[in-house]
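Trainee: missing the sequence, but the structure's below:
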Ligand SMILES: NC(=O)c1ccc[n+]([C@@H]2O[C@H](COP(=O)([O-])OP(=O)(O)OC[C@H]3O[C@@H](n4cnc5c(N)ncnc54)[C@H](O)[C@@H]3O)[C@@H](O)[C@H]2O)c1
C-alpha cells in the first residue's frame with residue numbers, strides 16, 4: 001500500500017508485524033508504576049477496544065509488557081512504516097483541504113527530526129503527547145482523510161471520539177487535552193489516568209499540532225534575553241563578553257544558546273544528557289561543547305576577556321557551574337534555568353552529585369529517594385543563585401516552575417512577605433509588560449506547499465507590512481516593532497527551520513491581521529501556496545497560568561482560567577480551522593489552562609473574513625482582561641483599539657488611590 005492508501009486504511013486489516021524498538025531513538029523515560037492490578041487490567045481492556053477481538057489474545061500480553069516496561073501502552077506495533085514528516089498538503093488523501101492541512105501539522109509534530117520521543121508520540125517537554133498511542137493516530141488520520149467540510153472531528157486527549165455533523169464555518173477539529181474535574185488534577189492523578197489511557201498531557205503545541213521545532217521559542221527567548229540585558233546594562237552598552245548562565249538543551253530550552261548568540265552575549269548552558277547536548281551542537285544551535293569544568297572555567301574567562309559572542313554547552317549539572325563560578329569569582333550578568341521542573345520527579349530535573357544514568361535508575365527503582373535528591377539539589381541550586389544575586393546577578397524564573405518547586409523543596413527563594421518569590425518571572429518583568437499587555441505575541445505560520453521559496457516570500461511580505469505599520473505606530477510600541485522587523489529581516493539567516501516550512505514572528509493584533517490579509521491576497525494571486533496560521537499557546541490571551549503567562553496579573557484573578565476558556569470558545573465560532581484547550585503545558589498538570597488555534601488561508605474572501613474576525617478577538621480578549629487587571633500598558637492598548645474599532649466596547653477599570661485604602665482595616 002502506498003502512503004495515501006495506508007492513511008485511508010486507518011487500523012490495518014491484517015495485524016502488522018511486531019517490530020524491534022529502534023535502538024537509535026530517544027526513548028521516553030519509564031513512567032511511574034502507579035496502577036493497581038485491577039487498574040492495570042482496566043488499562044489493557046481500554047487499549048484493546050481499538051482492535052478486533054481476534055487480536056486480543058496476541059495484543060493483551062504485548063500491551064501488558066509495554067505497560068510494565070514503559071509505564072504506558074504506546075502500541076508500538078502499530079506505528080506506520082512510512083516516513084513521518086510534514087509532506088506538502090497536496091500529498092495527503094483528503095476531501096477537505098483544511099483536513100489535509102491538519103494532517104500536515106500532525107505529521108510534523110511526529111517527525112523524528114522534530115519530536116523528542118517520536119516512538120512514544122511525544123513532541124517536546126518530556127511528556128507533551130500528540131496522541132497517547134498509535135491507534136489514536138491511525139484512526140484520526142483516517143477520519144481526516146474522509147471528513148467533509150460539513151463535519152467536525154472531536155479529539156478527547158488524543159482519542160478520536162468521532163466525526164460529528166457541523167457546518168462549513170465550524171472548526172474541522174476540536175481538541176481537548178488533559179481536562180479534568182478540578183479536584184482530580186494533581187500530578188499523580190495525571191500519571192494514573194494517562195496510564196489508564198483516558199487522558200494525556202498535550203503540553204502547549206504538542207497536542208494541538210502547532211509545534212514548529214525550537215524556532216518557535218527562539219524569537220521569544222531572544223526578546224527575553226535582549227530585554228533582560230537592556231534592563232541591567234547602562235544605555236548603549238552591549239551584551240558582548242557578558243554572561244548568561246542557564247540550563248537545558250531540550251525541546252524548548254535548546255533555543256537558549258541560539259537566542260543568546262542573536263542577543264550578542266556569552267551563553268553558558270548546562271545539559272546533563274549528552275545526547276541532547278550533542279544533538280543541539282550538530283544542529284548548530286550551540287557553538288561549542290565542553291565536558292570538563294576546568295576547561296569551562298578557562299574558556300569562559302577567555303571569552304570575557306575577548307568580549308566574545310559565543311554559546312557554550314557544558315555537559316554536566318547546572319548546579320556545579322553556579323557553585324564553581326561562585327568560587328572562581330566569575331560574575332554572571334544574567335541567570336535563569338530551563339530544566340523541566342514541571343515534571344521534577346520523572347526526569348525533568350537531574351540532581352547534582354548523581355550521574356545521569358544513576359538518576360534514571362533511581363527514577364524507576366527508588367522514586368521516593370530520587371525525590372529527596374531532587375529537593376536537596378534544588379536547595380543547593382537556589383543557595384548558590386542567592387550568593388550570585390548578592391553580588392549583582394539578575395536572576396529570573398523561566399516559566400519552568402523552578403521557583404515553585406524550589407520553594408516546595410524548602411529552598412530560600414521566598415520574598416520577605418512570604419507570598420511572593422525573591423526573583424521575578426520573565427513574564428512579570430519582561431514579556432508581560434513589554435509584549436503581552438500590548439498584544440505582542442508569538443504569531444506563526446506554516447507554508448503548506450512545503451516550499452522554502454514560499455517561506456522566503458512570506459518573510460518579505462511580513463517585513464513590509466510591519467514597516468508600514470511602524471511608520472504609524474505610537475512611541476509606546478516603537479521598540480517592539482523595530483525588534484520584530486529586525487527579527488524577520490534576519491530570520492532566514494539564522495537557519496531555524498526544522499521540519500515544516502514555518503516561521504514565528506511576534507506581532508500585535510494589527511500586525512497579525514494585516515500580515516494574514518497580505519498572505520491571503522498573495523495566495524489569491526497565485527504568488528503563494530496555502531498558509532496555515534497559528535500561534536504558541538504561550539501568548540496574550542490563550543493561557544491562564546499564574547506563575548507564567550498571567551504572572552503579571554495583580555488583581556487576584558491570576559488563579560482563574562476564564563480568559564483561556566473564553567478564548568477557545570470565542571475563536572471556535574469566529575473561524576478557526578481547529579481549536580484546542582489543554583490542562584497542563586510547560587509548568588505542569590493542574591498549574592495552567594492553555595489554548596490555541598490553527599487557521600488555513602486559501603486565498604478566498606471567506607478566509608479573509610474569518611482571519612479578520614478571529615485574530616482580532618484572539619488578541620484583544622487578553623488585552624481586555626489585562627487592562628481590567630489595571631495593567632497600564634494594556635489599558636493603553638485597549639483604548640487605542642476601541643478608537644480604531646467602533647464595535648469594540650470594553651469595560652475599563654477606575655484606578656483607586658492608595659490613601660483611600662490606607663486606614664480602612
Ligand atoms: N523556552 C521558553 O520560552 C520557555 C517558556 C516557558 C517555559 N519553558 C519551560 O522550560 C522547561 C524546559 O522545556 P524543554 O522543552 O526544553 O524541556 P526538555 O525536557 O526537553 O529539556 C530540559 C533539559 O534539561 C536537562 N536537565 C535537567 N536537569 C538538569 C540539570 N540539573 N542540569 C543540567 N541539565 C538538566 C534535561 O536533560 C533536558 O534535556 C519546561 O519546563 C518549559 O515549560 C520554556
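Mentor: Nice, I can see it. As the structure is a prediction and not an experimental result, all values here were calculated from the model. Numbers count the residues shown, from 1 in each chain.
Trainee: Tell me which residue of the chain lies closest to the ligand.
Mentor: residue 250 (2.0 Å; C-beta to the nearest ligand atom). The way it works is simple: take the backbone N, C-alpha and C, and place the C-beta from them, glycine included.
Trainee: For that residue, list the residues it contacts.
Mentor: By C-beta atoms under 8 Å, 6 or more residues apart in numbering, the contact list for residue 250 reads 116, 124-126, 271, 273, 276, 338, 340.
Trainee: what does the stretch 301-450 of the chain put close to the ligand?
Mentor: Where the stretch 301-450 of the chain comes near the ligand, counting by C-beta under 6 Å from any ligand atom, the residues are 317-318, 338-342, 348-350, 398-400.
Trainee: Let's have the residues you listed in CSV, adding neighbour count.
Mentor: As requested, these are arranged in CSV below (neighbours: other C-beta atoms under 10 Å):
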residue, neighbour count
317, 25
318, 27
338, 24
339, 27
340, 24
341, 24
342, 28
348, 22
349, 28
350, 27
398, 27
399, 26
400, 30
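Trainee: Tell me which two of those sit farthest apart.
Mentor: 317 and 399 (21.0 Å; C-beta to C-beta).
Trainee: In three-state terms, how would residue 504 be classified?
Mentor: Following DSSP: H, G, I helix; E, B strand; the rest coil, residue 504 is assigned to strand.
Trainee: Tell me what it is bridged to.
Mentor: Listed beta-bridge partners, residue 504: residue 444 (assigned using DSSP bridges).
Trainee: right, and it touches residue 441 too?
Mentor: No: assessed by C-beta atoms under 8 Å, residue 504 is found out of contact with residue 441, at 10.2 Å.
Trainee: joint contacts of those two?
Mentor: Joint contacts of residue 504 and residue 441 (C-beta under 8 Å, 6+ apart) are residue 536.
Trainee: So for those two, which sits in the more crowded spot?
Mentor: Shown here are residue 504 and residue 441; by other C-beta atoms under 10 Å, residue 441 has more neighbours (28 against 24).
Trainee: where does the more buried one land on pLDDT?
Mentor: According to the prediction, residue 441 has pLDDT 97.
Trainee: And residue 559, by the same measure?
Mentor: pLDDT for residue 559: 96.
Trainee: possible to save the residues of the stretch 301-450 of the chain next to the ligand as JSON lines with pLDDT and secondary structure?
Mentor: Below are those laid out as JSON lines (pLDDT from 0 to 100; DSSP: H, G, I helix; E, B strand; the rest coil):
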{"residue": "317", "pLDDT": "98", "secondary structure": "coil"}
{"residue": "318", "pLDDT": "98", "secondary structure": "helix"}
{"residue": "338", "pLDDT": "96", "secondary structure": "coil"}
{"residue": "339", "pLDDT": "96", "secondary structure": "coil"}
{"residue": "340", "pLDDT": "92", "secondary structure": "coil"}
{"residue": "341", "pLDDT": "93", "secondary structure": "coil"}
{"residue": "342", "pLDDT": "87", "secondary structure": "coil"}
{"residue": "348", "pLDDT": "93", "secondary structure": "helix"}
{"residue": "349", "pLDDT": "97", "secondary structure": "coil"}
{"residue": "350", "pLDDT": "98", "secondary structure": "coil"}
{"residue": "398", "pLDDT": "94", "secondary structure": "coil"}
{"residue": "399", "pLDDT": "88", "secondary structure": "coil"}
{"residue": "400", "pLDDT": "90", "secondary structure": "coil"}
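Trainee: Looking at those residues, which is nearest residue 423?
Mentor: residue 398 (10.6 Å).
Trainee: hang on, isn't the closest one packed against residue 335?
Mentor: No: here residue 398 does not reach residue 335: they are 10.0 Å apart, not a contact under C-beta under 8 Å.
Trainee: What segments of the stretch 51-200 of the chain are strands?
Mentor: Residue ranges of the strands in the stretch 51-200 of the chain, as given by DSSP state E, counting those that start in this stretch, are 122-124, 128-129, 151-156, 159-165, 173-177.
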